[in-house]
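>>> coords please:
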Amino acid sequence: VLPPLATTTAGVGGAGDDTANVMIEYGGGVYIDASGAIYTYDDQADSWGSSLHTLPEPASDAIVIRLGGTVYLVFAHRNGYTYYDGTTWTDDTEDMIYVTFWNDQLWGIDRTGQLRKCSTIGSWTDDAILPLEDGVVTDLFVSGDASNVPIIYAMTTKGLFAHDNSNTKFLLTELGMPQHPTNGKGSRRWRGGLYPPSGLGVYEYISDGQPAEVNLVGPDLDDGLPSDRKGSIVQLEGSNNRLFGGVAASTATPLITSSISSIPVGLDAFSGSVNRGRGTVRPVDKGRSLVLAWSGESGPGVKGGGWEVAWESDDDTQGITTMLVSGAYGKHRLWWAHNKRVLYMDLPIDIINPSQVTTFEYGSTFKHHTPWFTGGDAVANLALLLRAESLHPTTAETLTIGYRRNYSTGAFTKWGPINSSGETELPFPVSGDGVGVPFRAIQFEVEGNRDTTKTNSPDLVALTLEWLKIIPPRATVTVDCVLTDY
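So this is what the prediction gives:
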């Protein structure tokens, strides 16, 4: 089916092109820091209005807390933090880059790894310090320990550290990670597990038990993403149905040509199957930015369960910078900042089947690329017929299917559009003469489109390929046996 509808809001700032760094809900509205200026969104007027306050430096984190009977909006930024009590904005020089709330106290950590706390806003006491060099902290949050008791964790480029409050120290957890500059940035606790990203990978850390369980669940598994959709996950956000990941990339210009056979090509919805091809390799953080979604349905160990594409950017655009799942304005939405704009999509408030909800709004188009299919044996194959089972296509909502062969990176050969429900037979070749098309490997593309009715979507139920294995000729020996009675 088509992805959810994404709505682009008005520009931010005087020129309408400021980039949001941090996003948070406060007082029923969405607040952002854009280049050090604070704005809030007017949902009725589709406007970010004028700056409410200018921070000393751009924000690195934000939190909403209740402290001493007052609800504060707090922005952390290097060399200080800023808090808002609903009336007055106050800048403070107490150093911190990430903040969290635990044991009725506000906690902050600076770039040296020094943790500090306050029970009264503005009155701070130093606590533990990370046993690491400066500049390695990537996040600070609360999650459960082995007994499922909430404690503070500090995420670093070298792994996850747990705060020992009784002994005022940090301890390295079982989630020690190879050093990576984005380890843990935008981590999220979801459905009883902790999910820290690392580049395009995602770890699953479940500490409720001995020993803790660590799994790999990210979209980098099984050959990963196509080369023009590479990047780093900047943030994870959880909803009832999905764990969302914002993949930041900025341009799709190919820089390195390669013939390595394990480079994946053209995969837009990721099923966890191997997809091999040949093409260009693009550097990290170059390509189309994505909002990916994962249902969490998988087993123990290295977990399967594919990530689907909820949204995809155009080429040559700035990457995603921040994300938020929010109930602001009485609407459950996923918000994200990309290419100097803030976007949102409506989310269901419970676990639903979108096809059973008549008010669900869809985007205008999608493309799905299957993994490469080889037939399973080292023999030639002959494609005869493709059967497409579909629901709801009409002349206004169509499905168009094509194929390409033998790890080609070129265009797909396409049949005409499907515009009626039921099973449609698509013969090989597309001319319909029925002689078949030989292949060593074959890949299919499904493209869906709708007209202006946002609540309509074509739905592909199944694709079934009928093919023959072409067995090489075998040498034969003919023997005549003459049987004579003696």
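>>> Contacts only, for residue 236.
Neighbouring residues of residue 236 by Cβ atoms under 8 Å, 6 or more residues apart in numbering: 186-188, 190, 195, 197, 202, 243-246, 323. All C-beta spots, glycine's among them, are computed from the backbone N, C-alpha and C.
>>> I'd say residue 382 and residue 468 touch.
Yes. Taking contacts as Cβ atoms under 8 Å, residue 382 lies within contact range of residue 468: 4.5 Å.
>>> More neighbours: which of these two?
residue 382 (16 against 13; other Cβ atoms under 10 Å).
>>> between residue 382 and residue 468, what contacts are shared?
Counting by Cβ under 8 Å, 6+ apart, the residues touching both residue 382 and residue 468 are residue 436.
>>> Quickly note the distance from residue 43 to residue 27.
Remark: distance between residue 43 and residue 27 (Cβ to Cβ, to the nearest Å) = 13 Å.
>>> if we can go back for a sec, can you tell me which of the contacts of residue 236 is closest to residue 47?
Using Cβ to Cβ, residue 323 comes nearest to residue 47 of the contacts of residue 236, at 21.2 Å.
>>> from the contacts of residue 236, which is closest to residue 346?
Each of the contacts of residue 236 was scored against residue 346 by Cβ to Cβ, and residue 244 proved nearest at 13.3 Å.
>>> ok, and what's touching the helix or strand containing the closest one?
Using DSSP states H and E, the element containing residue 244 is strand 243-248. By Cβ under 8 Å, 6+ apart, the list of residues contacting strand 243-248 from outside reads 186, 188, 190-191, 195, 197, 200, 202, 218-219, 225, 229, 231-238, 285, 289-296, 307, 310, 319-323, 325, 334, 336.
>>> repeat for stretch 320-331
19-25, 28-30, 32, 41, 43, 186, 234-239, 244, 246-248, 289, 291, 313, 332-338, 346-347.
>>> what does stretch 388-395 give?
Contact with stretch 388-395 is made by 355, 399, 401, 417-424, 426, 456-464, as judged by Cβ under 8 Å, 6+ apart.
>>> Narrow these to just the buried residues.
Using 16 or more other Cβ atoms under 10 Å as the burial test, the contacts of stretch 388-395 include 399, 401, 418-419, 424, 426, 456-460, 463 as buried.
>>> Save those residues as a markdown table, and put in secondary structure too.
What follows is those, written out as a markdown table (DSSP: H, G, I helix; E, B strand; the rest coil):
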| residue | secondary structure |
| --- | --- |
| 399 | strand |
| 401 | strand |
| 418 | strand |
| 419 | coil |
| 424 | strand |
| 426 | strand |
| 456 | coil |
| 457 | coil |
| 458 | coil |
| 459 | strand |
| 460 | strand |
| 463 | strand |
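>>> State the pair within these that is farthest apart.
Greatest spacing in the buried ones among the contacts of stretch 388-395, by Cβ to Cβ: 426 and 456 (22.9 Å).
>>> Ramachandran coordinates for residue 183?
Note on residue 183: backbone dihedrals following degrees, to the nearest 10 are phi -50, psi 120.
>>> Provide a list of residues in contact with it.
Going by Cβ under 8 Å, 6+ apart, residue 183 touches 138, 155-159, 177, 196, 198.
>>> quick one: which of those is nearest residue 406?
Nearest to residue 406 among these: residue 198, at 34.4 Å, using Cβ to Cβ.
>>> tell me the contacts of the closest one?
Here residue 198 is in contact with 177, 180, 182-184, 218 (criterion: Cβ under 8 Å, 6+ apart).
>>> quick one: which of those has the most company?
In the contacts of residue 198, the most neighbours by other Cβ under 10 Å go to residue 184, 27 neighbours.
>>> That one reaches residue 196, doesn't it?
Yes. The pair residue 184 / residue 196 is scored as a contact, 4.1 Å apart, by Cβ under 8 Å.
>>> shared neighbours of those two, anything?
139, 155, 160, 177.
>>> In strands, which of the residues you listed fall?
Among these, DSSP state E puts 139, 155, 160 in strands.
>>> Now render these as TSV, adding distance to residue 128 and neighbour count.
TSV is the format used below for those (distance: Cβ to Cβ, whole Å; neighbours: other Cβ atoms under 10 Å):
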residue	distance to residue 128	neighbour count
139	16	24
155	15	25
160	15	28
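>>> Please tabulate these in a markdown table, including the columns pLDDT and distance to residue 61.
Output for those, formatted as a markdown table (pLDDT from 0 to 100; distance: Cβ to Cβ, whole Å):
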| residue | pLDDT | distance to residue 61 |
| --- | --- | --- |
| 139 | 96 | 8 |
| 155 | 96 | 12 |
| 160 | 95 | 17 |
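>>> what residues are up against residue 383?
Contact analysis of residue 383 by Cβ under 8 Å, 6+ apart lists 403, 428, 436-439, 442, 465-467.
>>> Among these, name the buried ones.
Neighbour counting over the contacts of residue 383 (16+ other Cβ under 10 Å) leaves 403, 428, 436-439, 442, 465, 467 as the buried ones.
>>> and the residues you listed, which two are the farthest apart?
438 and 465 (13.7 Å).
>>> can you list contacts of stretch 206-218?
Contacts for stretch 206-218 (Cβ under 8 Å, 6+ apart): 143-148, 173-175, 192-195, 197-198, 200-205, 233, 245, 294, 296, 298, 300-303, 305, 307.
>>> of those, buried ones?
143-145, 173, 175, 193-195, 197-198, 200-205, 233, 245, 294, 296, 298, 303, 307.
>>> Which of these fall within strands?
143-144, 173, 175, 193-195, 197-198, 201-205, 233, 245, 294, 307.
>>> bridging residues for residue 448?
residue 366, residue 399 (DSSP bridges).
>>> okay, now it: neighbour count?
Close neighbours of residue 448, defined as other Cβ under 10 Å, add up to 25.
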